[in-house]
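**Student:** Let me see the structure of the following:
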Amino acid sequence: MRFVIQRVKKASVRVDGQITGSIGPGLLVLAGIASADTTADADYLIDKTLSLRIFPDSQDRMNRSLLDTGGGLLVVSQFTLYGDVRKGRRPSFDKAAPPDKARLLYDYLLAGFASRGQQVQAGVFQAAMEVELINDGPVTILCDSERLL
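**Tutor:** Residues are numbered from 1 along each chain as shown. Okay, here's the model as predicted:
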């Protein structure tokens, strides 16, 4: 499982012109799910995301987490995070989970964030979405459940 985590001043996602999720200051998480992923991968990244110390403290050091700040969380599924462009010019998505499996794990992610006390906003799985954000910093972190990266 792969996350692109962006610290934002605000973010929103639209489907067919309608806002499906919107937050003020907090984190926008783009979530890619691989074929080999399990709920253990999801739990690892949920806990990692909530505890990442990427918000400034009173001395402007990245020392506070989303749990410390009470910020918003917007999670958007994005299979293209598993696009492999090493061969040719068209990305291969062979490592991305098939839609049925990815939907189950995406729903598990949303429920997992909520069960840890986080109010989570979301995109719509498999929909064409427009994501708008104001990146704060900018701070953008890549997290992968393959802990070797």
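**Student:** rest of the way, CA atoms for contacts and neighbours
**Tutor:** OK.
**Student:** All the helices of this structure, in order from the start?
**Tutor:** Counting by DSSP state H, one finds helices in the chain at the ranges 39-51, 66-69, 99-115.
**Student:** Residue 59 is nearest to which of those helices?
**Tutor:** Nearest of the helices of the chain to residue 59, taken as C-alpha to C-alpha: helix 66-69 at 14.8 Å.
**Student:** same for the closest one, what does it pack against?
**Tutor:** helix 39-51 (3 or more C-alpha pairs under 8 Å, 6 or more residues apart in numbering; DSSP states H and E).
**Student:** So for the helix it packs on, what gets flagged as buried?
**Tutor:** 41, 42, 43, 45, 46, 49, 50 (16 or more other C-alpha atoms under 10 Å).
**Student:** Next, the buried residues of stretch 27-39.
**Tutor:** Result for stretch 27-39 [16+ other C-alpha under 10 Å]: buried residues 27, 28, 29, 30, 31, 32, 33, 34, 37, 38.
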